[in-house]
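1. need a 3D model of the sequence below.
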Amino acid sequence: MNRFSIALLQLAIAAAFAAGLFGQIVVAPNAVEEAMAQAIVGSATETRPYVLAYTAVAVLGVACVQVALFALWRLLAMIKSGAIFSLRAFRWLDTIIGAALGATVLAFGVFLHLTFGAMPFTQDASMDELGLWGGAVVCVGVGLAFALLMVIMRGLLRKATDLETEMAEVV
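-> The predicted model follows:
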């Protein structure tokens, strides 16, 4: 992988990390204020108890993504320095897998709450309710697929590392 591609990927990772930080610091608190204001006015009283919990889940989900982005940054730095075939790479890959599974567990918790919790869907459920439920289902599916992909990539890295070690012994 050439240095330009790595630098471009690192720039994209930095932008995504900054966007997540903006969401955690600015967007989430404003969303809480807006939801609380709507609940006080009376337009959304049934969702008031869940505003803080869902906001906390969203902030934690973004934090999981940020942990994975940082680990990916470290892996790119290892590629740049030619040290990708080492045990340290497995730690960073395991960090990505753990962060993906953490975010998936959070999304699964939201899915369970929406499905069986205190906000049951009625026959005339609004598109907002169905969209939130569908979004939770998609997040669980994508999170599991991504974690499984990273497990496969870990296996490929293991084989490549073994081959690299074997070639170093022969030469």
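
2. state the helix or strand in which Gly131 lies.
-> helix 127-170 (DSSP states H and E).

3. gap between that helix and the chain center?
-> Distance of helix 127-170 from the chain centroid (C-alpha atoms, centre = their mean, to the nearest Å) equals 12 Å.

4. likewise stretch 98-110?
-> With C-alpha atoms, centre = their mean, you get 8 Å for stretch 98-110.

5. list the buried residues in it.
-> Using 16 or more other C-beta atoms under 10 Å as the test for burial, stretch 98-110 gives 98-104, 106-108, 110. For every residue, glycine as well, the C-beta is placed using N, CA and C.

6. okay, and which of those residues map to helices?
-> Of the buried residues of stretch 98-110, the ones assigned to helices by DSSP state H are 98-104, 106-108, 110.

7. any chance of the residues you listed in JSON lines, plus pLDDT and distance to Asn30?
-> Formatted as JSON lines, these follow (pLDDT from 0 to 100; distance: C-beta to C-beta, whole Å):
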{"residue": "Gly98", "pLDDT": "97", "distance to Asn30": "30"}
{"residue": "Ala99", "pLDDT": "97", "distance to Asn30": "25"}
{"residue": "Ala100", "pLDDT": "97", "distance to Asn30": "28"}
{"residue": "Leu101", "pLDDT": "97", "distance to Asn30": "29"}
{"residue": "Gly102", "pLDDT": "97", "distance to Asn30": "25"}
{"residue": "Ala103", "pLDDT": "97", "distance to Asn30": "22"}
{"residue": "Thr104", "pLDDT": "97", "distance to Asn30": "27"}
{"residue": "Leu106", "pLDDT": "96", "distance to Asn30": "21"}
{"residue": "Ala107", "pLDDT": "95", "distance to Asn30": "22"}
{"residue": "Phe108", "pLDDT": "96", "distance to Asn30": "27"}
{"residue": "Val110", "pLDDT": "90", "distance to Asn30": "20"}
